[in-house]
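> A structural model of the following input is requested.
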Amino acid sequence: MASLKGNIAFTGSLGNLSAYSRKDLNNIILRTKGGASGKVIKTAPEFVNTRRVMSEFGGCSTAGKHIKLAMTGVTHLDHRLFQSRLNAVCSCIQKLDTISVWGQRSILISQYRNLLQGFNLEMGTLFDSIVKHPLDYNINRIDQSAFVNIPPLYPNIGLYVPGKFSFFRLIAVLGIVPDMKYNAKLKKYQPLNPDIQLRRVQKMTDWFGVATICEEQTIDMQIDGETNMTDNDSLILSIGIEFGIPLTASLIQTVNYAGAAKILALA
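Modelled structure (predicted):
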């Protein structure tokens with residue numbers, strides 16, 4: 001892989017070269033075209049291992065998308081393409097399946113929930129470096145609810161502000177993540193529980209001044225209605241922090257590219 005520098009910049013195809021940009025890089029990436037055709041890769045015996053790798057990569061990508069969906073509400077609090085990191089965790093979980101054949105190994109998140117706990121999203125500063133005091137929380141699978149208890153936050157002691165911001169608020173998200181299994185008939189990965197309803201609930205606190213003491217508070221949330229959850233599905237609890245600046249005496253604008261979030265726990 002090469003990168004393009006200088007005054008000549010383009011994206012797309014040019015002869016045998018393909019140029020593209022990435023969100024996490026400033027330079028334009030160059031690569032050469034070529035290799036076996038898609039039809040050959042899908043059918044030729046010599047590419048059987050390639051197909052296995054592609055199949056399992058697709059499963060991890062699908063699982064990562066479901067996790068990201070369950071975190072919607074705090075997913076904007078990361079300056080990188082963090083789904084690739086989610087996919088890497090899913091790949092680790094996938095490799096722990098010693099029963100299924102290579103190319104069809106399941107992604108049983110419900111059996112390895114601890115591997116996702118503490119997963120970070122950040123804009124240069126981790127959540128635990130901003131909110132320094134540990135948070136008390138609990139997830140109840142029976143009624144699909146959760147709470148996060150925020151201790152009193154004292155400026156420059158319990159709360160570190162990584163910038164010239166005037167206000168902050170906290171966001172909690174509770175969502176559902178299914179286990180993924182390869183469907184041999186459809187030749188793709190699908191939720192092990194096909195009846196799961198992928199829903200989530202999000203709660204925000206009020207805006208608080210960064211220079212004043214933020215009193216103790218609790219964020220309660222519950223997913224309403226029937227979700228058809230089974231033991232093959234997990235509830236995922238995430239927490240994030242946003243910063244804001246005042247536009248008027250009563251209007252606060254969220255600062256883009258500031259804040260952080262993390263996965264607190266799964267149950």
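> Okay, domains of this protein per the record?
Split into domains by automatic domain parsing, the chain comes to 2-32, 38-266.
> Spatially central residue in the protein, please.
Nearest to the mean C-alpha position of the chain, counting by C-alpha atoms, centre = their mean, stands Lys68 at 4.0 Å.
> Pull the contacting residues for that one.
By C-beta atoms under 8 Å, 6 or more residues apart in numbering, the residues touching Lys68 are 75, 83, 86. For glycine as for every other residue, the C-beta is placed from the backbone atoms N, C-alpha and C.
> for those, which one is nearest Ala261?
Nearest to Ala261 out of these is Thr75 (C-beta to C-beta; 7.8 Å).
> does that closest one really touch Leu86, like I thought?
No: assessed by C-beta atoms under 8 Å, Thr75 is found out of contact with Leu86, at 10.2 Å.
> if you count what's nearby, which of those two comes out ahead?
In this comparison of Thr75 against Leu86, neighbours counted by other C-beta atoms under 10 Å, the higher total goes to Leu86 at 23 against 18.
> What about the closest residue to that one other than its chain neighbours, how many residues nearby?
Leaving aside its sequence neighbours, Leu86 sits nearest to Gly64 (C-beta to C-beta, 6 or more residues apart in numbering; 3.9 Å). Here the neighbour count serves as a burial measure; for Gly64 (other C-beta under 10 Å) it reads 22.
> Comparing the domains of the chain by mean pLDDT, which bottoms out?
Of all the domains of the chain, domain 2-32 carries the lowest average pLDDT, namely a mean of 60.
> Just the C-alpha atoms of stretch 90-101, please, in CSV.
Only the C-alpha atoms of stretch 90-101 are listed here, as CSV (Å, rounded to 0.1, in the frame of the first residue of the first chain):
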residue,chain,number,x,y,z
CYS,A,90,-15.7,-10.5,17.4
SER,A,91,-13.0,-12.4,15.6
CYS,A,92,-11.5,-13.3,19.0
ILE,A,93,-14.9,-14.6,20.1
GLN,A,94,-15.3,-16.5,16.9
LYS,A,95,-12.0,-18.3,17.3
LEU,A,96,-13.3,-19.6,20.7
ASP,A,97,-15.9,-21.7,18.9
THR,A,98,-14.2,-25.1,18.7
ILE,A,99,-17.3,-27.0,17.6
SER,A,100,-18.2,-25.4,14.2
VAL,A,101,-16.0,-25.9,11.2
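> residue ranges for the strands of the stretch 1-150 of the chain, please.
With DSSP state E, counting those that start in this stretch, the ranges of strands along the stretch 1-150 of the chain come out as 2-4, 12-14, 17-21, 28-32, 120-122, 136-140, 145-150.
> Could you list every helix and strand that whichever helix or strand comes after the longest one packs against?
Using DSSP states H and E, the helix or strand that directly follows strand 145-150 along the chain is strand 167-178. Where contact means 3 or more C-beta pairs under 8 Å, 6 or more residues apart in numbering; DSSP states H and E, strand 167-178 is packed against helix 48-70, strand 145-150, strand 200-204, strand 208-209, strand 217-222, strand 233-246.
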